[in-house]
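**Student:** Provided below are the primary sequence and the corresponding predicted coordinates.
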Amino acid sequence: MSKRTALITGVTGQDGRHLTELLLQKDYEVIGVINGQRNDRAEAVKAEFPDLKLVNADLADQSSLVRVLSSVQPDEIYNLGAISFVGLSFKQPELTANVTGLGPLRLLEAMRTLGLEKTSRIYQASSSEMFGKVREVPQTETTPFHPRSPYGVAKAFAHQICVNYRESYDMFIACGILFNHEGERRGHEFVTRKISNSVAQIALGQRETFALGTLDPKRDWGYAGDYVRAMWLMLQQEHPDDFVIATGETHTVREFVEAALAAAGLPVDVERFVTIDPQFQRPAEVDLLIGDASKAREVLGWEPNVRFEELVQLMVESDIARLKR
Ligand code: NAP
């Protein structure tokens, strides 16, 4: 039997790398989309996964998507590519709308143009940031959206267009509404990685303090390795659907810092190590996110394996080891 083929956009990102690892283990042929004329992260991901094949395309360039889908003819498409950093989305809202919002629409249209809408299955990376100023606690698949950033708005459009195409054209489109997930591959621009890396530097005597925008927001943080398993499970079902993927626990940014300091063997004294700098604050904040993943548990049989303290410890230990090298 020939291998199943998976195409991943956003392969150089955190989830793209975890998913590549998972799908190669499952004996897929994995093809990753890279964008840009000089992409250093492409070299890193190729070195990490020699069996991964890379192709050039951009979610903002329809013809490049048509060409790639036409040559790859994937069984499964994982659309993870996005302008994904909320902070940047406030600075470049149009770019965010174009890539994060319209990118998935371009992919769906490319599938239809090529007649792949009945043979390829697609996963869309939806986000808990769509809930924003939350209307209920915890959030489920039916909680109304109230996004609080250009990123959240773009993801809400992408999510709704996926639902619309699923209903209009009977396509296999699964949307994972994933709550924050982190790990040793998290980008350094995100607050959790900033904390684990800064705490690791303090533990190694390389710095004394670091700055954050706020310590108050509450997030439901899971481990990326657990969450990409849910993406794959969604595409193995008989019918496409939407699923919240979350741990069901919420913690403040302050608690993340405290756990990181403890993991590094430092005094758990947040005020001693953290300064507050308004330049890192968002114009509109999401105060509380906590997800209810009951449907994913029941239908997909999915459970998170890594819990909060373990996640923070894993990130701090990984950063200490990397900085020592
Ligand atoms: P990430 O590390 O920021 O990766 C984003 C990826 O998108 C990178 O590989 C990036 O490529 C690619 N990309 C950016 N612009 C592109 C374009 N114009 N065309 C094609 N690719 C482009 O994000 P992540 O944490 O892995 O998240 C994966 C997906 O899940 C994203 O859609 C994100 O919004 C969503 N999500 C993430 C979380 C979370 O907590 N991690 C939660 C919910 C949803 P280069 O950098 O190489 O250019």
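**Tutor:** That came through fine. Being a predicted model, the structure only gives us computed values, none of them experimental. Numbers count the residues shown, from 1 in each chain.
**Student:** so what's the residue count around Tyr169?
**Tutor:** Residues lying near Tyr169 (other C-beta atoms under 10 Å) number 13. C-beta coordinates here come from the backbone N, C-alpha and C atoms, glycine included.
**Student:** Val253: neighbour count?
**Tutor:** 20.
**Student:** I'd say it and Phe190 touch.
**Tutor:** No: between Val253 and Phe190 there is no contact under C-beta atoms under 8 Å: 11.5 Å.
**Student:** close to the ligand: what parts of the stretch 1-150 of the chain are there?
**Tutor:** 9-16, 33, 35-36, 39, 41, 58-60, 80-84, 99, 125, 127 (C-beta under 6 Å from any ligand atom).
**Student:** who are the contact partners of the residue of the chain found nearest the ligand?
**Tutor:** Of all residues in the chain, Gly13 sits closest to the ligand, at 2.1 Å by C-beta to the nearest ligand atom. Applying C-beta atoms under 8 Å, 6 or more residues apart in numbering, we find Gly13 in contact with 80-81, 84, 187.
**Student:** likewise for Thr143?
**Tutor:** Contacts of Thr143 by C-beta under 8 Å, 6+ apart are 131, 134-136.
**Student:** ok, and the closest non-adjacent residue to it?
**Tutor:** The spatial neighbour of Thr143 that comes closest, neighbours along the chain excluded (C-beta to C-beta, 6 or more residues apart in numbering), is Glu136 at 5.4 Å.
**Student:** and for the one you found, the neighbour number?
**Tutor:** 11.
**Student:** need phi/psi at it.
**Tutor:** phi -150, psi 160 (degrees, to the nearest 10).
**Student:** quick check: pLDDT value at it.
**Tutor:** In this model, Glu136 is scored at 96, pLDDT.
**Student:** and if you look at Asp319?
**Tutor:** Reported pLDDT for Asp319: 98.
**Student:** get me the contact residues on the stretch 151-300 of the chain for the ligand.
**Tutor:** Checking the stretch 151-300 of the chain against the ligand by C-beta under 6 Å from any ligand atom, the hits are 178, 180-181, 187.
**Student:** quick one: which of these is most hemmed in?
**Tutor:** His181 (27 neighbours).
**Student:** who does that one bridge with?
**Tutor:** With DSSP bridges applied, His181 shows beta-bridge pairing to Gly222.
**Student:** quick one: contacts for it?
**Tutor:** Contacts of His181 (C-beta under 8 Å, 6+ apart): 15, 221-224, 226-227, 245.
**Student:** could the residues you listed go into CSV alongside distance to Glu48 and neighbour count?
**Tutor:** Formatted as CSV, the contacts of His181 follow (distance: C-beta to C-beta, whole Å; neighbours: other C-beta atoms under 10 Å):
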residue, distance to Glu48, neighbour count
Asp15, 14, 26
Trp221, 24, 23
Gly222, 22, 28
Tyr223, 18, 22
Ala224, 15, 23
Asp226, 20, 19
Tyr227, 19, 27
Ile245, 24, 28
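**Student:** no more questions from me, cheers.
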